[in-house]
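**Q** Got a sequence here, can you model it:
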Amino acid sequence: MPLGTLDRTPPPFFRQGPSALSKLIFFSALALFLMVADARFKMVEPLRAGLAIVLLPLQRALAVPVDLWEGGSDYLQGLHQALASERAAQARMAAVAERAARTEQLAQENKRLRDLLELRPVIAVRSQPAELLYEAADPYSRKVFIDRGSRHGIALGSPVINEAGVLGQVTHAYALTAEVTLLADKDAAIPVLNLRTQQRGAAFGGVAGGSMELRFTSANADVQVDDLLHTSGLDGIYPPGLAVARVASVERRVESGFARIVLRPTAPADGVRHVLVLEPLAAQLPAREAPPPEAVERGKAKPPRRGASAP
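**A** Numbers count the residues shown, from 1 in each chain. Below you'll find the predicted structure:
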């Protein structure tokens with residue numbers, strides 16, 4: 001075969017294209033052109049939008065396992081929390097049912113004893129709801145205003161409570177609003193009864209930090225930390241049995257003869273929005289009987305002075 005007829009071109013496997021440097025320069029220029037075109041003329045925006053539409057089903061398909069894993073874990077965690085909450089609610093309902101049964105039993109027993117002893121029936125305290133409007137402008141007092149006043153039947157001295165216990169009492173009643181002095185105020189005072197020892201006392205406000213103080217208690221009195229104090233009902237204002245405070249600390253002072261007892265109110269005023277205003281207890285107590293005329297005449301008659309002769 002003549003040498004001139006041989007094909008001297010390289011086979012396709014070894015065929016060489018543009019050089020690597022040429023490819024780098026081309027693609028760099030293309031990338032720079034696309035970036036400038038996208039930034040200046042938004043030419044690539046339709047392409048990007050179309051590509052996003054095309055790839056959306058693929059993205060959704062790839063996200064399905066992740067969503068299933070996260071949703072399944074959230075479902076199992078929520079199911080576990082729901083079961084735990086259900087068990088806690090059932091336990092609370094059982095405790096409330098037991099307490100309600102015991103309360104009903106005690107109420108029936110109390111009624112039978114009162115009927116047996118022919119005592120006066122227990123006073124039914126009337127109440128009406130109210131909402132806190134704002135606090136008093138005086139920074140040195142603990143007073144709030146409610147949206148009920150004298151036109152709504154609010155009277156001076158009416159106790160104000162919430163679900164936790166006593167908050168204070170009405171000290172000023174206006175036409176549509178009323179001023180409530182809280183137990184933590186420096187001028188507030190309330191008679192209390194220690195449920196553990198049945199010892200009576202008087203709690204006063206004005207202690208730093210919104211606390212109260214049980215004053216005029218002897219140093220050797222049987223008072224312990226965490227004792228619960230309720231209203232005694234003997235002042236003619238607060239009905240008996242309302243929670244007032246718990247004993248926070250007891251400092252016995254032998255040299256002064258009295259103990260310094262700091263109380264923590266069971267119903268803190270911070271965060272309270274809705275309250276109940278009770279009718280003062282004195283409004284439902286029987287009126288005092290007037291003294292007989294003979295006693296009045298004897299009170300008016302004055303004994304003769306010493307050394308003076310009778311006419």
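**Q** Longest helix in the chain, please.
**A** helix 45-117 (DSSP state H).
**Q** from the middle of its chain, how far away would that helix be?
**A** Offset of helix 45-117 from its chain centre (C-alpha atoms, centre = their mean, to the nearest Å): 22 Å.
**Q** low pLDDT regions in the stretch 151-300 of the chain?
**A** Across the stretch 151-300 of the chain, the ranges flagged by pLDDT under 70 are 284-300.
**Q** Now do the strands in it.
**A** 159-162, 165-173, 178-182, 189-194, 200-207, 211-215, 228-231, 243-252, 259-265, 274-278 (DSSP state E, counting those that start in this stretch).
**Q** The fifth one: which residues count as buried?
**A** Taking 16 or more other C-beta atoms under 10 Å as the basis for neighbour counts, the residues of strand 200-207 that come out buried are Gly201, Ala203, Phe204, Gly205, Gly206, Val207. Just so you know, the C-beta spots here come from the backbone N, C-alpha and C atoms, and that holds for glycine as well.
**Q** could you give the angle of that strand to strand 259-265?
**A** On the basis of axes from the mean of the first three to the mean of the last three C-alpha atoms, to 10 degrees, strand 200-207 is oriented at 70 degrees to strand 259-265.
**Q** Figure out how far strand 200-207 is from the centre of its chain.
**A** On C-alpha atoms, centre = their mean, the centre of strand 200-207 falls 23 Å from that of its chain.
**Q** and what of the longest one?
**A** What separates the centre of strand 243-252 from the centre of its chain is 21 Å, taken as C-alpha atoms, centre = their mean.
**Q** Walk me through which strands it pairs with, and which way each runs.
**A** Note on strand 243-252: by DSSP bridges, its sheet partners are strand 228-231 (antiparallel), strand 259-265 (antiparallel).
**Q** Could you check the angle that strand makes with strand 189-194?
**A** 80 degrees.
**Q** who touches strand 243-252?
**A** 164-166, 183, 190, 192, 203, 211-212, 214, 219-220, 223-231, 259-267 (C-beta atoms under 8 Å, 6 or more residues apart in numbering).
**Q** out of those, which are buried?
**A** Buried members of those, counted by 16+ other C-beta under 10 Å: 165-166, 183, 190, 192, 203, 211-212, 214, 223, 227-231, 259-267.
**Q** Dump the C-alpha coordinates for stretch 48-64 into CSV.
**A** This file holds the C-alpha atoms of stretch 48-64, laid out as CSV (Å, rounded to 0.1, in the frame of the first residue of the first chain):
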residue,chain,number,x,y,z
ARG,A,48,-34.6,31.0,36.9
ALA,A,49,-38.4,31.1,37.3
GLY,A,50,-38.9,28.4,34.7
LEU,A,51,-36.2,26.2,36.3
ALA,A,52,-37.8,26.6,39.7
ILE,A,53,-41.2,25.6,38.3
VAL,A,54,-39.6,22.5,36.6
LEU,A,55,-37.7,21.5,39.7
LEU,A,56,-40.5,22.1,42.2
PRO,A,57,-42.0,18.6,41.9
LEU,A,58,-38.6,17.1,42.4
GLN,A,59,-38.0,19.3,45.5
ARG,A,60,-41.4,18.3,46.8
ALA,A,61,-40.7,14.6,46.2
LEU,A,62,-37.3,14.8,47.9
ALA,A,63,-38.8,16.7,50.9
VAL,A,64,-41.5,14.0,51.5
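**Q** pLDDT on it, on average?
**A** Averaging pLDDT along stretch 48-64 gives 82.
**Q** what sits up against that stretch?
**A** By C-beta under 8 Å, 6+ apart, stretch 48-64 touches no other residue.
**Q** Which positions within that stretch qualify as buried?
**A** Buried residues in stretch 48-64 (16+ other C-beta under 10 Å): none.
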